[in-house]
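Q: okay, predicted coordinates and the sequence, questions at the end:
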Amino acid sequence: MGITKLADLIRSDAPRAISHKDISDYTGKVIALDTSIVLNQFRTALPSLHLSPLTGLFFRTLTFLEHDIKPVYVMEGRPPEQKRAVLERRAQNEGRTFYPHTNGVSSKTQDYMQLLKLMGVPVLMAPGDAEAFCAHLVKSGKVDAVASEDMDTLAFGGSVLLRQLNAKKDGDVIEYSLSKILEALQLSQEEFVDLCILLGCDYCEKIGGLGPRRALSLIQKHRTIECVAKNVNRKTHPIPHFWNYQEARGLFLDSLLDQTPQLVWNEPDEEGLVRFLCQEKHIKEQRVRSRMEKFRKSLEEKRTTREETKAETCRQTRMEDFFRVTRKRKPVEPVMTSTGKQARRT
């Protein structure tokens, strides 16, 4: 769910914090991806295309690599206990049974991790929520941005959030800048976290009947949830009993992690991918081979273009680019004096 109506509030009150870009604008960037969000997109959008999440992940990752984007996939770890109620409600709405997270890794998750390793991209298991770990990666300078549809990445301190990074050539990537959001709303990170809790998050209930604009005005005036609770009309805006907003605040602000993983990318292992996808998962080999061939051609074309551009730059570099060209002076003509001696013309 993320943060309720935070995107709407940013659009209305901090529009300059939002940029609309193309996937090619992220060439050369390292992007952390919340893998559960990516897989859920395939589950909900691709049944009619007969494309499994495993196959969709294969295709999308190659597209990222073709754009010279370095993806880092983050798997969901054990969610905090405060999120249990949301997960149970979500499972009920989807018509499935909720099973508490165990320390083991499911067979499907193992398949996704195996695929990504064969593709040569880093795969990390978050100790808790994937969004929190993605935000930690960007805060620590390991990645340039986080790609997720959940807005709570910003509450966790992720400085750059990308939404709709779906590898479509004509897709509109929406980029959110946390620093610009805080500047426009005139809030500190701590106050912004309190705003997110007032709006509604996954870790606790919210004050009843409190809309986004009212929540923003209250936090701008009173600065903390504690002060808001003292000044709000409790008849129109009832405060939840046993409200554990302090625990939610701690999850957002104190998610300091000691892990600073080394990120390494390698060339995709085509034969390993064929064995895994075709022999084990029964995906047509021609489909995998043709996509890998397209991937190799794309890389070769870009390599050739870079070399041609470099060669053209070298040809255009002349001595005039290093030394300023001055106007040539005319030769000085001697002037004869009355004594017959030459005098220099001044």
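A: It's in.
Q: buried residues in stretch 128-144?
A: 128-139, 142-144 (16 or more other C-beta atoms under 10 Å). Using the backbone N, CA and C atoms, a C-beta is placed for each residue, glycine as well.
Q: residues in contact with it?
A: 26, 29-36, 72, 74-80, 83, 124, 126-127, 145-146, 148, 150, 152-153, 156-160, 251, 255-257, 259-261, 263 (C-beta atoms under 8 Å, 6 or more residues apart in numbering).
Q: tell me where the stretch 101-250 of the chain has helices.
A: With helices called from DSSP state H, counting those that start in this stretch, the stretch 101-250 of the chain shows them at 107-118, 130-139, 152-155, 178-185, 189-199, 212-222, 225-231, 245-253.
Q: what's the most buried one of those?
A: helix 152-155 (a mean of 29; mean count of other C-beta atoms under 10 Å).
Q: can you check which of the helices of the stretch 101-250 of the chain gets nearest to K206?
A: Minimum separation from K206 across the helices of the stretch 101-250 of the chain (C-beta to C-beta) falls at helix 189-199, 6.2 Å.
Q: just the CA trace of the closest one, in CSV.
A: The C-alpha trace of helix 189-199 is given here as CSV (Å, rounded to 0.1, in the frame of the first residue of the first chain):
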residue,chain,number,x,y,z
GLN,A,189,12.8,14.3,7.4
GLU,A,190,11.5,13.5,10.9
GLU,A,191,8.4,15.8,10.3
PHE,A,192,7.9,14.2,6.9
VAL,A,193,7.8,10.8,8.5
ASP,A,194,5.2,12.0,10.9
LEU,A,195,3.2,13.3,8.0
CYS,A,196,3.4,9.9,6.3
ILE,A,197,2.0,8.2,9.5
LEU,A,198,-0.8,10.7,9.6
LEU,A,199,-1.6,10.0,6.0
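Q: what average pLDDT does that helix get?
A: Mean pLDDT, helix 189-199: 97.
Q: how far away is the spatially closest residue to L116 that is not a sequence neighbour from V274?
A: With C-beta to C-beta, 6 or more residues apart in numbering as the criterion, L116 has its nearest non-adjacent residue at 4.6 Å, and that residue is V123. V123 sits 20 Å away from V274, going by C-beta to C-beta, to the nearest Å.
Q: nearest to R306, of the helices of the stretch 101-250 of the chain?
A: Of those, nearest to R306 by C-beta to C-beta is helix 107-118, at 26.4 Å.
Q: which regions of the stretch 201-346 of the chain lie under the pLDDT threshold?
A: In the predicted model of the stretch 201-346 of the chain, residues 255-259, 314-346 satisfy pLDDT under 70.
Q: just to revisit the earlier point, so how many other residues sit close to the residue nearest to L116?
A: Residues lying near V123 (other C-beta atoms under 10 Å) number 18.
Q: picking that back up, what's the closest of the buried residues of stretch 128-144 to E205?
A: Using C-beta to C-beta, the buried residues of stretch 128-144 come closest to E205 at D129, 18.4 Å.
Q: no further questions, thank you.
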